[in-house]
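Engineer: the following comprises the amino acid sequence and a computationally predicted model.
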Amino acid sequence: GAVVSQHPSWVICKSGTSVKIECRSLDFQATTMFWYRQFPKQSLMLMATSNEGSKATYEQGVEKDKFLINHASLTLSTLTVTSAHPEDSSFYICSARGGTPENGEQFFGPGTRLTVL
Amino acid sequence: SQKIEQNSEALNIQEGKTATLTCNYTNYSPAYLQWYRQDPGRGPVFLLLIRENEKEKRKERLKVTFDTTLKQSLFHITASQPADSATYLCALGGDYKLSFGAGTTVTVRA
C-alpha cells in the first residue's frame, strides 16, 4: 500500500512554456502533499506544502506565481511551472501523507525530471 | 542557521561488512528523525523512523540510534549486500515538514 505516482516521469520543454506535473496517491487519501526539488548530488529542498482544498504554503524563496500548486482532491496535487527557464531544470518530487499518520511517514513519488531548453 | 550534515558523500564497503552512516544537525529540535533510501533517478523510500525519546530502532539488518544531546543519528546496515548500494538520506521532522540532509552514497562491493 501507500503508493504515490507522478506524471510525467520526464519532460523536455522550450524556455517560456509552462509544464504541469501531476502527483497522485493511489491507495490512500492524502490530506497533505509536499513538493520538493532536487539538484544533482544535493538534498531535497521543500518547495511548498499543500492541503486539500486550501492554498499551498510556500517555503521562503520559492515564487508562488511561478510554481502554481493545486490540491483539488484528496488524491491529486499538481505543480505547474510557468514560463519555465533553463534554471528551472531539476528533479521534482512529490510526497504525500494521510490524515494523522502515527509515524510522520511521507510516501514519495518516483520524481519528474524537467529539462528546459 | 539550521544545518544537517551527513558524514561523507560516499562510502565504499565490502559485502558482508557493516556500513555506518552519520547524520549530525545543528539548530534543530526535531520531534523525530527518519532515514530514507534513494536510488538514482527515483524518489526516496522510507526505511526507519526514530522519535526524540527513543535511543535505538531496528528493522531487519538496519539499526538507527538517536542521541539528542550530541544531536546525532547513526544508521547501520549490517551484513551488507550489493543490493544495498544506494544513497541514504536522513531527514529531521517536526510538525508536518521534513528537512533532508544531502545524503551518503553507499557502494557495496561483491
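Structural biologist: Looks like it arrived, so ask away. These numbers were taken from a predicted model, which means no experiment stands behind them.

Engineer: contact partners for the residue of chain B positioned farthest from its centre?
Structural biologist: Residue farthest from the centre of chain B, counting by Cα atoms, centre = their mean, is B:Ala110 at 22.3 Å. Counting by Cβ atoms under 8 Å, 6 or more residues apart in numbering or on different chains, B:Ala110 touches B:Glu15, B:Pro82. For the C-beta atoms, the positions are set from N, CA and C on the backbone; glycine is no exception.

Engineer: buried stuff in stretch B:89-105?
Structural biologist: Going by neighbour count (16 or more other Cβ atoms under 10 Å in any protein chain shown), the buried part of stretch B:89-105 is B:89-93, B:97-105.

Engineer: so which of the residues you listed sit within strands?
Structural biologist: B:Leu89, B:Cys90, B:Ala91, B:Leu92, B:Gly93, B:Lys97, B:Leu98, B:Ser99, B:Phe100, B:Thr104, B:Thr105 (DSSP state E).

Engineer: what subset of those is also close to chain A?
Structural biologist: Within the set of those, contact with chain A (Cβ under 8 Å from any Cβ of the partner chain) is found for B:Leu89, B:Gly93, B:Lys97, B:Leu98, B:Ser99, B:Phe100.

Engineer: farthest pair within the residues you listed?
Structural biologist: Using Cβ to Cβ, these span at most 14.7 Å, a distance reached by B:Leu89 and B:Lys97.

Engineer: A:Phe67 bridge partners, please.
Structural biologist: Residues in a beta bridge with A:Phe67, per DSSP bridges, are A:Val81.

Engineer: near chain A, which residues of chain B show up?
Structural biologist: Counting by Cβ under 8 Å from any Cβ, the residues of chain B close to chain A are B:4, B:9, B:31-32, B:34, B:36, B:41-46, B:49, B:89, B:93, B:96-103.

Engineer: ok so A:Ser54 is a helix residue?
Structural biologist: No - A:Ser54 is assigned coil when assessed by DSSP: H, G, I helix; E, B strand; the rest coil, not a helix.

Engineer: how about the contacts made by the residue nearest to it when sequence neighbours are not counted?
Structural biologist: Of all residues not flanking A:Ser54 in the chain, A:His71 sits nearest, at 7.6 Å (Cβ to Cβ, 6 or more residues apart in numbering or on different chains). Residues in contact with A:His71 (Cβ under 8 Å, 6+ apart) are A:Met33, A:Ser50, A:Asn51, A:Glu52, A:Gly53, A:Ser54, A:Ala56, A:Ser77.

Engineer: could you report the neighbour count for the one residue in chain A that gets nearest to chain B?
Structural biologist: Across chain A, the shortest distance to chain B (Cβ to the nearest Cβ) belongs to A:Phe108, at 3.6 Å. A:Phe108: 23 surrounding residues under other Cβ atoms under 10 Å in any protein chain shown.

Engineer: name the residues of stretch B:45-56 that are buried.
Structural biologist: Residues of stretch B:45-56 classed as buried: B:Phe46, B:Leu47, B:Leu48, B:Leu49, B:Ile50 (neighbour count, 16+ other Cβ under 10 Å).

Engineer: using CSV, lay out those together with secondary structure and distance to B:Thr65.
Structural biologist: Formatted as CSV, the buried residues of stretch B:45-56 follow (DSSP: H, G, I helix; E, B strand; the rest coil; distance: Cβ to Cβ, whole Å):
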residue, secondary structure, distance to B:Thr65
B:Phe46, strand, 18
B:Leu47, strand, 14
B:Leu48, strand, 11
B:Leu49, strand, 13
B:Ile50, strand, 8
